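Undergrad: here's a sequence, model it:
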Amino acid sequence: MIRSVVFRNEETGWTVLRVELPSKMPTRKPDEALVVGKTQAVWEGEDIRAEGNWFTDKTHGREFKAETITCLAPRTLEGIERYLASGLIKGVGATIARRIVKTFGEDTLNVLNHQSGRLREVPKLGKKKIEQIRESWNSNATMRETMIFGQTYGISIARMSRIVREYGPDAVAIIKSNPYRLIRDIWGIGFATADKIALSTGIAKDSPLRARASISHTLEREADDGGHCWTYENDLLLHAHEITGIDVEILAAALESELNEENIVAEGGAKNEGPDVVKEAPANPETGELVYERFDLHRSTPEPRRIYLRSLWWAEKRTADRVRKILRAPISYRPIAADKAVAWWEKKAGFHLASRQSAALERCLTSKFSIITGGPGVGKTTIIRALVDIFTARGLDVTLAAPTGRAAKRMSEAVGDEAKTIHRLLKWNPVTNRFTYNSDEQLEGDVFIFDETSMIDIRLASDLFAAIPDTATVVWVGDTDQLPSVGPGSVLGDFIASGVVTCTKLDEIFRQKDAGLIVRNAHHVNAGEPLEVSRGDDADFYFARIQDAQECLRRAIDFMQTRIPKKFGLDPLKDVQILVPMRKNLLGTDNINFEVQRAMNPTGPSIVRGPVTFRTGDRVMQLRNNYDKDVYNGDVGFITDVDSGARSIKVSFDGREVRYDAADLDELVLAYATTIHKSQGSEYPAVIVIMHTQHYVMLQRNLLYTAITRGKRLVLLMGVPYAVDRAIATNTVRERRTTLASRLNLAV
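TA: Numbering: from 1, shown residues only. Below you'll find the predicted structure:
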């Protein structure tokens with residue numbers, strides 16, 4: 001019988017149980033043993049059958065290491081009472097459990113399973129409590145079946161809890177009917193897991209269901225891993241074949257089925273009717289709206305068809321349409337005399353703008369939609385401040401926004417006016433599962449200025465432009481030389497490439513003699529030039545040349561924990577950020593976070609999820625958009641509370657506390673170190689950038705450029721000089737497959 005659950009990892013199922021033995025065995029107590037191993041959900045009072053071997057642990061002594069643990073219904077009255085009082089049944093503690101067992105004795109479990117109406121016989125048990133016990137008992141029986149099913153296929157208990165929350169009590173039946181729906185419905189479950197379930201439940205290897213799932217999965221992988229909005233038909237079929245081994249003929253038929261059901265969209269190619277053909281397009285996946293699309297191949301020889309996920313096809317289409325309407329619509333205010341406005345602002349600010357800045361400002365004041373781009377120190381923020389001052393002086397309603405919380409906060413501090421994240425500007429409605437502001441209910445305002453727009457992917461751009469009124473003036477500010485958006489598309493680059501949006505590139509570093517090494521080195525890297533390095537105490541950029549990876553890790557922690565805070569008066573937890581190219585290896589974020597946590601936050605209340613321990617005080621990052629929690633991909637917060645009993649934590653994001661239950665913890669990672677990709681849109685007082693030959697496959701110019709531009713007061717670059725040189729020299733940026741630029745050309 002299980003006397004107590006000493007430890008349990010809900011992610012892996014690893015459990016330590018203190019059990020009562022039926023007879024004397026070689027343990028520290030005659031009637032007790034510790035059993036360690038993996039099992040499904042367990043409760044005090046249950047009996048178990050364990051198979052394995054005895055071993056001696058240096059700390060805990062004699063223990064039983066179980067290869068398999070099978071949980072059985074308790075048989076003794078004490079076991080049944082412990083079982084009911086263990087928290088298994090909501091609202092039942094030791095007192096009620098004792099009364100139930102006293103009433104039914106050894107027949108208690110049979111009553112709960114098959115004769116729950118007899119609970120009326122238990123003294124002092126009202127109708128409401130009886131109903132609560134019945135519902136909790138039945139749901140736990142379903143949960144146990146579901147957990148066992150999930151662990152069979154390597155799905156964690158935490159993730160199975162999310163599946164039950166999504167599908168309800170019939171989760172197992174729903175999964176078995178079509179395991180591939182898990183890929184779409186449950187974040188964190190991929191094709192491999194769904195495919196394993198499908199094949200084990202009798203779905204044939206060459207079944208149409210599996211073939212169709214592989215088509216959608218391949219397109220999703222191209223979007224997630226490569227940022228592509230579409231894939232050539234022949235490449236799509238080849239990749240799906242490599243994943244599944246299904247004959248191309250079967251996959252081609254599956255592709256046509258997906259097209260017929262409008263899960264995906266095809267454009268161009270030999271099967272298209274040719275240039276300038278008008279066709280009815282698939283309905284908008286969100287609104288059901290039907291539109292007509294004009295195809296124009298602009299080629300004499302058709303290429304293979306372009307295949308899109310319907311959501312991405314619609315996002316490109318809607319973005320192009322909305323930009324066209326904004327460009328064509330009149331402004332909501334009396335036109336501004338740009339030259340006079342610039343002169344007025346220069347007098348107000350007390351200095352003259354450079355000619356390129358002045359021209360950029362005038363274009364923004366006279367264009368419906370304009371773009372300002374350029375690297376650090378070229379005056380982009382000055383243009384934003386001038387625009388806000390001029391438009392506000394005219395009594396216009398100006399809205400400021402950026403993709404991430406940190407970018408919005410930085411924009412607010414730089415400009416002096418409130419800036420919101422784009423997600424909070426649009427306001428997610430959990431009831432309708434859509435943004436509150438959309439094409440049906442648009443935002444109010446005259447001018448919309450967005451910063452860090454290189455981070456905006458095509459899906460977010462589509463939602464954003466749908467909500468902006470036609471008469472609005474729009475200004476996008478961003479750096480095209482930074483890493484592209486994490487999500488699919490290349491929106492800022494496509495806008496510029498289309499030629500239909502007014503664009504000014506600022507490339508002059510103002511007050512260059514006074515500019516720090518951070519700014520100068522960012523431009524050196526962008527130009528493929530060697531770094532400037534200073535050994536002076538007052539510099540803002542340093543390069544520590546360290547060959548050994550272990551030594552690099554040790555010194556990075558030392559600089560973060562002690563040396564940088566002491567010299568610059570910074571908070572190591574809030575102000576110093578380690579940036580690296582990748583997650584894996586000794587110098588990847590996973591290991592660095594483990595080591596930093598061990599050095600800087602080693603004790604305190606904690607919860608273990610898989611290989612990660614979440615502890616009060618930890619810095620953490622959100623990995624996906626969670627609209628229900630109003631927390632978004634890349635948001636950084638601090639754990640303020642850990643409830644080990646309820647297996648939940650609270651995280652403060654800029655002063656707003658958000659609760660995470662066990663099933664939600666896979667949305668978080670430790671963030672003492674983060675990848676450079678994930679740092680986009682953020683700026684930190686001090687950054688430690690590690691570039692090592694361990695990161696060889698990731699070393700790119702735009703990666704190092706982005707990392708350097710994240711530092712505000714200090715950038716400490718450390719690692720192997722060869723790795724840094726390779727990053728500067730490697731400028732083979734992989735182009736993303738998009739058609740937004742061509743759609744903009746057709747639409748305008």
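Undergrad: who's in contact with residue 183?
TA: By C-beta atoms under 8 Å, 6 or more residues apart in numbering, the contact list for residue 183 reads 189, 190, 191, 194, 213, 216, 217, 220. For glycine as for every other residue, the C-beta is placed from the backbone atoms N, C-alpha and C.
Undergrad: in helices only, show me those.
TA: Using DSSP state H, the members of those that fall in helices are 191, 194, 213, 216, 217, 220.
Undergrad: neighbour-wise, which one of the contacts of residue 183 leads?
TA: When neighbours are counted by other C-beta atoms under 10 Å, residue 213 leads these with 27 neighbours.
Undergrad: thought residue 191 was touching that residue, still the case?
TA: Yes - the pair residue 213 / residue 191 is scored as a contact, 7.0 Å apart, by C-beta atoms under 8 Å.
Undergrad: which residues do these two both contact?
TA: Shared contacts of residue 213 and residue 191 (C-beta under 8 Å, 6+ apart): 180, 183.
Undergrad: ok, and the helix or strand in the chain with the lowest average confidence?
TA: Scoring the helices and strands of the chain by mean pLDDT, DSSP states H and E places strand 277-280 at the bottom, with a mean of 39.
Undergrad: mean confidence for stretch 198-206?
TA: Mean pLDDT, stretch 198-206: 91.
Undergrad: swap that for stretch 670-684, sorry
TA: Mean per-residue pLDDT for stretch 670-684: 91.
Undergrad: same question for stretch 575-590.
TA: Over the span of stretch 575-590, the pLDDT mean works out to 94.
Undergrad: what comes up buried for it?
TA: For stretch 575-590, a neighbour-count test (16 or more other C-beta atoms under 10 Å) marks 575-583, 585, 587-590 as buried.
Undergrad: got the end-to-end distance for it?
TA: End-to-end span of stretch 575-590 (C-alpha to C-alpha, to the nearest Å): 20 Å.
Undergrad: on the three-state scheme, residue 508 is what?
TA: coil (DSSP: H, G, I helix; E, B strand; the rest coil).
Undergrad: what number of residues lie near it?
TA: 13.
Undergrad: quick one: the strands in the stretch 201-350 of the chain?
TA: Along the stretch 201-350 of the chain, the segments classed as strands by DSSP state E, counting those that start in this stretch run 230-232, 264-267, 277-280, 292-295, 306-309.
Undergrad: repeat that for the stretch 601-748 of the chain.
TA: Applying DSSP E, counting those that start in this stretch to the stretch 601-748 of the chain gives strands spanning 606-609, 612-615, 619-622, 636-643, 648-653, 656-660, 668-670, 673-675, 684-691, 711-719.
Undergrad: repeat for the stretch 401-550 of the chain
TA: 419-421, 428-429, 434-435, 447-450, 473-478, 502-506, 541-545.
Undergrad: could you give the average pLDDT over the second one?
TA: Averaged over strand 428-429, pLDDT sits at 88.
Undergrad: who does it pair up with?
TA: strand 434-435 (antiparallel) (DSSP bridges).
Undergrad: which pair of the contacts of residue 183 spans the longest distance?
TA: In those, two members sit farther apart than any others by C-beta to C-beta. They are 189 and 216, at 13.9 Å.
Undergrad: wait, what's in contact with residue 175?
TA: By C-beta under 8 Å, 6+ apart, the neighbours of residue 175 are 149, 163, 167, 181, 182, 197.
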